[in-house]
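Colleague: fold the following.
(3 chains)
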Amino acid sequence: MNDRLLLSCLGLASLAAIFAACFLGSTPMPPGRLFAAMVGAGSVGDHIVLWEIRLPRAIAAFIVGGALGLCGAALQGLLRNPLAEPGVLGVSAFSALGATLALFYGAAALSPFVLPLSAIAGALAATFFLAFAAIRNSSMVTLILIGIGLSSFAGALMALLLNLAPNPFSLSDLISWTLGSVANRSFADLALAGPFLGAGLIFIVMSGRGLTALSLGEEAAHGLGVNLRRTRMFVVIGTGLITGAAVSIAGAIGFVGIVAPHLIRPLVNHDPARTLAPAAFLGGILLVLADIGVRLIPTPSELRLGVLAALIGAPAFIWIASQRRTGS
Amino acid sequence: MVRQLIIIGLVLLAACAPRANTSDKDQTIAGRRIVSLDYCADQYVLKFANRNEIAGLSPDAEKIFSYMREEAAGLNKVRPRAEDVLLLNPDIVVRTYGGGPNAAAFFERAGIEVVQIGYAASLDDVKTVIQKAADDIGASEKGRAVVTKMETRLSNISKNPSGSNILYLTSKGAVAGTGTLIDELLTTAGMTNFQTRPGWNTLSLERLAHEQPDRIAASFFDTSDLVSDIWTPARHPIAQRQLARVPVTELPSAWTSCGAWFLVDVIEALAADQAALEQTIQ
Amino acid sequence: MTRTATINLDKVSVGESATPRLSNVTVTFQQNELTAIIGPNGAGKSTLLKCALGLTEPDAGAISINNKALTSLSPIERARIVSYLPQMRALAWPLKVRDVVALGRFAYGGALGRLKAEDAAAVDQAIISCGLERLRDRNTDTLSGGELARVHCARAFAAQTPLLIADEPVASLDPHHQFKIMAFIKDYVTKGGGAVVVLHDLSLAASFADRLIWMKDGKINADGSPDETMTRERIQDVFDVSAEVSKRDDGALQVTMTGV
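Modeller: Numbers count the residues shown, from 1 in each chain, chains lettered A, B, ... in the order given. As a prediction, the model looks like this:
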């Protein structure tokens, strides 16, 4: 498929998904009222519901899904491994840890930017560690094992923080951060993460061609003229920035970064660079759809977005892993 | 012979001891040791037991959400773990939820009397629960005094419903609807509950976009910290705007964290704020 | 391919002095010759190539390409002079054959699927020269080992660099493909290129190479034409095997191992 056609289709599907998400909420709003609110007519209440509640939530889901899809595709390209993904590799968990640390020690109260920055610092710590521990060893198993170790370690540290919690009312915090949600997000929350997402995007885009060359392995890529150190650095910093920003919006949501690139790859002849943008769009669409699912599934209290993402994503992860030929 | 006398003497002493110390009209037993397993039980123990009887309170007894926190100062605190509690050699253990679901059976097996504080779903329940707790702790008289005082205070509150809408909102975004004890507090204070859905629910931002309450009862905001509340609907700009625009009665968490006599404080505060507001309007 | 190009290694050493991977090696690679590097496992052949490409930093000595220090060249500048076929050829993703070959144009800025006319022409030419016309739209995971080796060869040729470095390009290939790949490289050299190839098959080296570099224990043991250097004594010395060296009717040398 032609890349431009693919991106156009995904772009339209993204708009459709976000639009569909705007129909859902506790107030029943027929399309007529929704359109009226969209163009600024209609009641003030409808306007607030659309522009301050439903749209920020849908866009938060899209941005977070897109960020995870993009980071998944970039990490997979760098590590030459279709199972690499911020959630599986423990990057999201460390990011959530960074954010909760800042919250627990009150640093987050100093400036609104402290929270995304701490989440990013956590994510960067994990991506740097992964890059240096795993990049030489291209074994899929080693990489995933390191990821599991990082996730468990971050989880244990989170639990430790919780035990040190000042009062019994904060016991559900761990769940908030590890299961993820985009409920009650406002444009202000998105605006805080925006600059970091933008900066990360630039880093990832600049590493794109290098990722294609890395398909041949590191030595061949070097021979082709790839600046390996730069490519590695850009992906590590880019995914750290983007994952951290995404976690600061929604907590840790797993598996989107595996599923989206996996579905896109056959459509772009498996080129890692051409996977990036479509995987971001598809990741966004998937998470918006998942968030619609969260609101439609009639559970007594609203299901967490990360739970639904894992319910769909974890079996996909297992399936992709089992499809891999052994020895690679 | 001498040994026999000593033994008899000791037995007599032991038999006399309780009587000698029961100056209180309640049959409190000297030297009995009471341990409380959670902050809610702490309130009852602090209210009804003698200070020298309290062998241990929960670690939360002095936290901001504990009503009797000042009285709890200086008393021993113990984590509600079976082992730690047994080490204190208690005669009575008082709990609402502390120690987990098996705690009552466990302590009873160990020969310790367990006082289970009941659950109150209404103001009448609260009175019953208070009296029952007082009876179980052996302070029936004190219990009757507390209940009587509650009734007096409640009867002093104006019975003219103002009809204003009030939204009860916690810092975590929980909202009390009809049928809850909080709902009864709001109506007793002469208000109408803004939340018409029954039971406890999460704040509906969408409804808040369309309708506004006349007043907000903001609870637990004194325990609010970014850690817990970063993503709750109560922090959403829409809710924050309401909190800034609408008159707010701030309720200390200590008043509502436990269903006991101090719930009257909530009703009085709401009624007083409403009266003050009506005066300024007139 | 009219540009002249040379790679110079001057007294290059790698590794600790007690057990060096490369010890005081001085050598020049240039165009119009097919150089085969031969020697036992661990002799330092791959290390020598990696030094020449800047993949391994030498602990001592200097490396220059066209009289400019290798470290002063950008990766792109270097890649436009010398292309590289590494030993590890597993592809992470099942790319299309044409896309793999097009990666050879990386140093010229061509993105896959959006090649400039000049790049597309180089890619087509490389595909034809390695006989891959019928495989161009296949995914690499459907190819045999021999076909994949040809794809990598074409990828290296597509760069149209004056020099080519190949680390065991015929390893684990059947005899047919061994000859085919060596013929492609020979053809590249007759058109003006310079190739440096690590080989394990002495007969293959003797029949294709213009120059043999014999390596043992990180040192160059001998450097010269097959006729000058291919002797049973040297084979005994370098490889520690007994061998017969004979001349076939067509003048090519033939090596027969006879024992340890």
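Colleague: I figured B:Ala72 hits B:Val45, correct?
Modeller: No: the pair B:Ala72 / B:Val45 is not scored as a contact, 9.3 Å apart, by CB atoms under 8 Å. Just so you know, the C-beta spots here come from the backbone N, C-alpha and C atoms, and that holds for glycine as well.
Colleague: between these two, what contacts are shared?
Modeller: B:Leu57 (CB atoms under 8 Å, 6 or more residues apart in numbering or on different chains).
Colleague: between these two, who's got more neighbours?
Modeller: Higher neighbour count among B:Ala72 and B:Val45: B:Val45, with 30 against 23, using other CB atoms under 10 Å in any protein chain shown.
Colleague: not counting sequence-adjacent ones, nearest residue to the more buried one?
Modeller: Spatial nearest neighbour of B:Val45, chain neighbours left out: B:Ser36 (4.3 Å); criterion: CB to CB, 6 or more residues apart in numbering or on different chains.
Colleague: look up how far chain A lies from the one you found.
Modeller: According to CB to the nearest CB, to the nearest Å, B:Ser36 and chain A sit 15 Å apart.
Colleague: could you do C:Leu22 as well?
Modeller: C:Leu22 is 17 Å from chain A, by CB to the nearest CB.
Colleague: contacts only, for B:Ser257.
Modeller: If you count contacts by CB under 8 Å, 6+ apart, then B:Ser257 has B:Tyr39, B:Cys40, B:Phe65, B:Ser66, B:Tyr67, B:Phe220 around it.
Colleague: neighbours of the last one, how many?
Modeller: I take that to be B:Phe220. 24.
Colleague: what about the helices in the stretch 101-250 of chain A?
Modeller: Listed in chain order, the helices found in the stretch 101-250 of chain A under DSSP state H, counting those that start in this stretch are A:114-134, A:140-163, A:173-179, A:187-213, A:218-224, A:228-250.
Colleague: outside of whichever strand or helix holds C:Lys50, which residues touch it?
Modeller: Assessed by DSSP states H and E, C:Lys50 sits inside helix C:45-53. Contact with helix C:45-53 is made by A:219, A:222-223, C:7, C:9, C:12, C:14-15, C:21-22, C:25, C:27, C:29, C:37-39, C:56-58, C:63, C:78, C:82, C:84, C:87, C:165, C:167, C:196, C:198, C:215, C:218, as judged by CB under 8 Å, 6+ apart.
Colleague: partners of the helix or strand just after it, with directions?
Modeller: Downstream of helix C:45-53, the first helix or strand assigned by DSSP H and E is strand C:60-65. Sheet pairing of strand C:60-65 (DSSP bridges) gives strand C:6-14 (antiparallel), strand C:68-69 (antiparallel).
Colleague: quick one: buried ones out of the contacts of helix C:45-53?
Modeller: A:219, A:222-223, C:7, C:9, C:12, C:14-15, C:21-22, C:25, C:27, C:29, C:37-39, C:56, C:58, C:63, C:78, C:82, C:84, C:165, C:167, C:196, C:198, C:215, C:218 (16 or more other CB atoms under 10 Å in any protein chain shown).
Colleague: what about the closest residue to chain C within chain B, is that helix, strand or coil?
Modeller: As assessed by CB to the nearest CB, chain C sits closest to B:Trp231 within chain B, at 37.9 Å. Assigned by DSSP: H, G, I helix; E, B strand; the rest coil, the conformation of B:Trp231 is coil.
Colleague: point to the residue nearest the middle of the chain.
Modeller: Because you didn't say which chain, this covers chain A. Relative to the mean C-alpha position of chain A, the nearest C-alpha, by CA atoms, centre = their mean, is the one of A:Leu68, at 2.4 Å.
Colleague: hm, I was asking about chain C
Modeller: Central residue of chain C (CA atoms, centre = their mean): C:Ala166, at 2.1 Å.
Colleague: ok, for it, nearest residue in space, not its chain neighbours?
Modeller: Counting by CB to CB, 6+ apart, the residue nearest C:Ala166 is C:Leu85, at 3.9 Å.
Colleague: which residues of the chain score low on pLDDT?
Modeller: Using chain A. Applying pLDDT under 70 to chain A picks out residues A:1, A:134-140, A:165-174, A:325-328.
Colleague: the chain in question should be chain C.
Modeller: Using pLDDT under 70, chain C drops low at C:1-3, C:110-113.
Colleague: with that, I have no additional questions.
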